[in-house]
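In: need a structure here:
(2 chains)
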2 protein chains.
Amino acid sequence: MTVSSSVDQRVSLAVSTVIFALRPHPETGLMTLWLPLVRRIREPYEGQWALPGGPLEADEDLAASARHTLERTTGLAPNYLEQLYAFGNVDRSPDERVVSIVYWALVRQDEVARAVDGENVEWFVADELPPLAFDHTAIVEYALARLRAKITYTPIAHAFLPPEFTLADLRAVHEAVLRTTLDPANFRRQVMATKTLVPTGTCLKGTSHRPPALYRFEAGAPSPSPEEQR
Amino acid sequence: MTVSSSVDQRVSLAVSTVIFALRPHPETGLMTLWLPLVRRIREPYEGQWALPGGPLEADEDLAASARHTLERTTGLAPNYLEQLYAFGNVDRSPDERVVSIVYWALVRQDEVARAVDGENVEWFVADELPPLAFDHTAIVEYALARLRAKITYTPIAHAFLPPEFTLADLRAVHEAVLRTTLDPANFRRQVMATKTLVPTGTCLKGTSHRPPALYRFEAGAPSPSPEEQR
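Out: Here you go, the predicted model:
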């Protein structure tokens, strides 16, 4: 094994973040996944859209770096933050070798309305993105695939919801993420079988003849990060 | 955000590999998980055991680096190689900031007999390790947890087996990884329900009155790496 000796041979490390939120689609009005992108103000890919992120600071943990990026980009704190993957192909950046450790974050529907866009930040429908800088299109596709797989076998949908929600709220999250419609009775049966929901004992306040019951997710759901598990 | 300006502030990037193989336990004789470790020949942690790995070369992809480490450590090629996690806590190395991108590899039972130990390499029972350098104990625990979870819902056991195997072979892998005994009839029913096995139409050659049928895993099982999926 040879050892990199010159500074030019060094590998740079960046942390980037895919931030998903649910908002209505501008044309259909249906709830759909959005994410914020940052317009690059320097080469390479000047003027193109890219995932928010930046070089890892020497005194900053990986997840902390992702959290700071989210705060800087949107003014929000993540309700769910998980390491997605480290992307490090030799040719993914034209001028230097950069390995990007990518996190994905989910923000709550009731919080996203309070998002304050950072400089050069714009939100896009996640499935209708312009061409992105670097390999960021492939990274978003991988994050979408992970989210759509994971929502079918873990209670990750809670990260989009306020602490108390109705079964219809939960179904709407699944429908928006999976871009489909789900049968209410089947959905209720399946989600109750997972034993991850706890009835709060209260109902949604309103004028309905039969107000829907409110639920919360069972506490103690496993943390997604091995660092945070320890 | 401040930008790291001095060389001292740089973050180093390493790739380490958790290499699992099945071998008999030295006392019980039961098949169990082993992994190779490398004795450190310099500070920090000189003389202690650590996961095999090294700094990422500027011209080497991440998975290629893990493959080279495996080859250098054991003389083997992995039958399964997947990125596990990037470990990057600020304080995980005493002298400098190092982020380690960790891969985990599985090698076949029939190949591990051909392993050639590299310099300062020794194999250990995975659940009975000495204290390891850095945060490597926690990394191995995380890799073990991932393997034990994943074997229950993906056909990952095939990576320990030759291309053709009996249901008893497959059950033995599950029993060794999960450190338990499994009812043969239940196991057969569960594994056949996954529809990942294909009968080869042949039987194990031998003297048995009823020789057991041979199976192979269905081709086209998804690759674990997003780079390799594309």
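
In: On the three-state scheme, residue A:22 is what?
Out: Here residue A:22 is strand, with the state taken from DSSP: H, G, I helix; E, B strand; the rest coil.

In: Would you confirm that it contacts residue A:176?
Out: Yes: contact criterion CB atoms under 8 Å: residue A:22 and residue A:176 qualify, at 5.3 Å. (Glycine included, C-beta is placed from N, CA and C.)

In: Give the residues shared as contacts by the two.
Out: A:31, A:32, A:33 (CB atoms under 8 Å, 6 or more residues apart in numbering or on different chains).

In: Just put the residues you listed in JSON lines and tack on neighbour count, pLDDT and secondary structure.
Out: Formatted as JSON lines, the shared contacts of residue A:22 and residue A:176 follow (neighbours: other CB atoms under 10 Å in any protein chain shown; pLDDT from 0 to 100; DSSP: H, G, I helix; E, B strand; the rest coil):
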{"residue": "A:31", "neighbour count": "18", "pLDDT": "95", "secondary structure": "strand"}
{"residue": "A:32", "neighbour count": "19", "pLDDT": "96", "secondary structure": "strand"}
{"residue": "A:33", "neighbour count": "22", "pLDDT": "97", "secondary structure": "strand"}
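
In: of all those, which comes closest to chain B?
Out: residue A:33 (18.5 Å; CB to the nearest CB).

In: and that closest one, what are its bridge partners?
Out: residue A:22 (DSSP bridges).

In: Would you mind listing the residues in contact with it?
Out: Contacts of residue A:33 by CB under 8 Å, 6+ apart are A:20, A:21, A:22, A:125, A:126, A:127, A:144, A:147, A:176, A:177.

In: Apply 10 Å and report the result again.
Out: Residues in contact with residue A:33 (CB atoms under 10 Å, 6 or more residues apart in numbering or on different chains) are A:20-23, A:25, A:106, A:124-127, A:143-144, A:147-148, A:160, A:176-177, A:179.

In: Low-confidence stretches in chain A?
Out: Low-confidence segments of chain A, defined by pLDDT under 70: A:1-9, A:207, A:220-230.

In: Kindly list the longest helix within it.
Out: helix A:136-150 (DSSP state H).

In: Check whether residue A:95 really touches residue A:44, as I assumed.
Out: Yes: between residue A:95 and residue A:44 there is a contact under CB atoms under 10 Å: 6.0 Å.

In: of those two, who's got more company?
Out: residue A:44 (12 against 7; other CB atoms under 10 Å in any protein chain shown).

In: Secondary structure class of the nearest residue to the more buried one once chain neighbours are set aside, three-state.
Out: Nearest non-adjacent residue to residue A:44, counting by CB to CB, 6 or more residues apart in numbering or on different chains: residue A:94, 5.0 Å away. Three-state call for residue A:94 (three-state DSSP): coil.

In: Distance check, residue A:94 against chain B.
Out: 14 Å (CB to the nearest CB, to the nearest Å).

In: try residue A:176
Out: Counting by CB to the nearest CB - residue A:176 and chain B are separated by 24 Å.

In: Got the phi and psi for that residue?
Out: phi -70, psi -40 (degrees, to the nearest 10).

In: I'd guessed it sits against residue A:29; true?
Out: No: between residue A:176 and residue A:29 there is no contact under CB under 10 Å: 11.7 Å.

In: Of the two, which one has the most company?
Out: residue A:176 (20 against 8).

In: which residues sit in contact with that one?
Out: Counted by CB under 10 Å, 6+ apart, residue A:176 has contacts A:22, A:23, A:24, A:25, A:30, A:31, A:32, A:33, A:109, A:157, A:160.

In: how close does it get to residue B:50?
Out: 45 Å (CB to CB, to the nearest Å).

In: what about the helices in chain A?
Out: Per DSSP H, chain A carries helices over the ranges A:62-74, A:109-112, A:136-150, A:167-178, A:184-193, A:226-229.

In: right, and residue A:84 touches residue A:16 too?
Out: Yes: between residue A:84 and residue A:16 there is a contact under CB under 10 Å: 9.1 Å.

In: Now for those two: what residues contact both?
Out: By CB under 10 Å, 6+ apart, the residues touching both residue A:84 and residue A:16 are A:66, A:100, A:101, A:102, A:103, A:104, A:139.

In: of the residues you listed, closest to chain B?
Out: Taking the shared contacts of residue A:84 and residue A:16 together and measuring to chain B by CB to the nearest CB, the closest member is residue A:101, at 4.8 Å.

In: correct me, but the closest one touches residue A:82?
Out: No: at 11.8 Å, residue A:101 does not count as touching residue A:82 under the criterion of CB under 10 Å.

In: Common neighbours of the two, please.
Out: A:63, A:66.

In: Between these two, which is the more surrounded one?
Out: Neighbour totals were compared for residue A:101 and residue A:82, and residue A:101 leads with 27 against 21 (other CB under 10 Å).
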